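1. I need the structure of the sequence given here:
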Amino acid sequence: MNTHPYLRAYLAGIFLPTLVLPLLLTVFIVVRIVLKVPVPIEQAIIFPMAIVPSLFGLWNMLWLGTHERTHLPIGLHGPLLPILMVPAGALVASCLGVLVLDSHGATWFQTCEIPYALIAPGFLVALAGYYLVWKYIVGSLNRVLGIA
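-> Below is the predicted model of the structure:
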């Protein structure tokens, strides 16, 4: 009997972003409409809502497919994803004119400037968050679904 381990890995991977991203969209909508923030927030959230769950699912499938050879723990496999996503996202955002990188920092939508001194610690916090999410949430879902 075929138990479809890659389908189960994909579903375990998309679980958390599929739950969290609509909540973030709600917060962004409230900030945009109620607080009248002039930044086009919908442009910043729609693309991640479309791509991030699929990337999580595919990344979990990749872990399942390579785990026998690499023996890499899922907690260390997860933080490799933002190491790939952040440069790719910055490149796409720069090409679309959403992000401008200069000598002082990054400017989003010509309104929000973030200095490089805050970007590096923020990225390290994101890596720690990805480690925890992948180790405890995605890893436990993989165990429940019988693929870990």
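2. Show me the shaky parts of this structure.
-> Where the chain drops to pLDDT under 70, the residues are 1-2, 39, 41-43.
3. can you map out the helices along it?
-> Shown for the chain, the helices assigned by DSSP state H span residues 5-33, 41-70, 74-77, 80-95, 116-132, 139-144.
4. most neighbours per residue, which of these?
-> Mean neighbours per residue, mean count of other Cβ atoms under 10 Å, is largest over these for helix 74-77, with a mean of 18. Heads up, the C-betas are built off the backbone N, CA and C, glycines and all.
5. Extract the C-alpha trace of it and format it as CSV.
-> Taking Å, rounded to 0.1, in the frame of the first residue of the first chain, the C-alpha atoms of helix 74-77 are listed here in CSV:
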residue,chain,number,x,y,z
ILE,A,74,14.8,19.1,11.1
GLY,A,75,15.6,21.9,13.5
LEU,A,76,18.7,22.7,11.5
HIS,A,77,17.1,22.1,8.1
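6. right, and the helices of the chain - which one's nearest S103?
-> helix 116-132 (8.9 Å; Cβ to Cβ).
7. ok, V20 to I137 distance?
-> Remark: distance between V20 and I137 (Cβ to Cβ, to the nearest Å) = 10 Å.
8. that older thread, reformat the helices of the chain as JSON lines; add distance to T107.
-> Formatted as JSON lines, those follow (distance: least, Cβ to Cβ, whole Å):
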{"stretch": "helix 5-33", "distance to T107": "19"}
{"stretch": "helix 41-70", "distance to T107": "13"}
{"stretch": "helix 74-77", "distance to T107": "33"}
{"stretch": "helix 80-95", "distance to T107": "11"}
{"stretch": "helix 116-132", "distance to T107": "12"}
{"stretch": "helix 139-144", "distance to T107": "37"}
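9. Go through those helices and name the closest to D102.
-> helix 116-132 (9.8 Å).
10. Using CSV, write down the CA coordinates of the closest one.
-> C-alpha atoms of helix 116-132 as CSV (Å, rounded to 0.1, in the frame of the first residue of the first chain):
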residue,chain,number,x,y,z
TYR,A,116,21.5,47.7,8.5
ALA,A,117,22.3,47.6,12.2
LEU,A,118,18.7,46.4,12.8
ILE,A,119,18.6,44.0,9.8
ALA,A,120,21.3,41.7,11.0
PRO,A,121,19.9,41.1,14.5
GLY,A,122,16.4,40.8,13.0
PHE,A,123,17.7,38.1,10.6
LEU,A,124,19.3,36.2,13.5
VAL,A,125,16.0,36.4,15.5
ALA,A,126,14.2,35.0,12.4
LEU,A,127,16.7,32.1,12.1
ALA,A,128,16.0,31.3,15.8
GLY,A,129,12.3,31.5,15.2
TYR,A,130,12.6,29.2,12.2
TYR,A,131,14.6,26.7,14.2
LEU,A,132,11.9,26.6,16.9
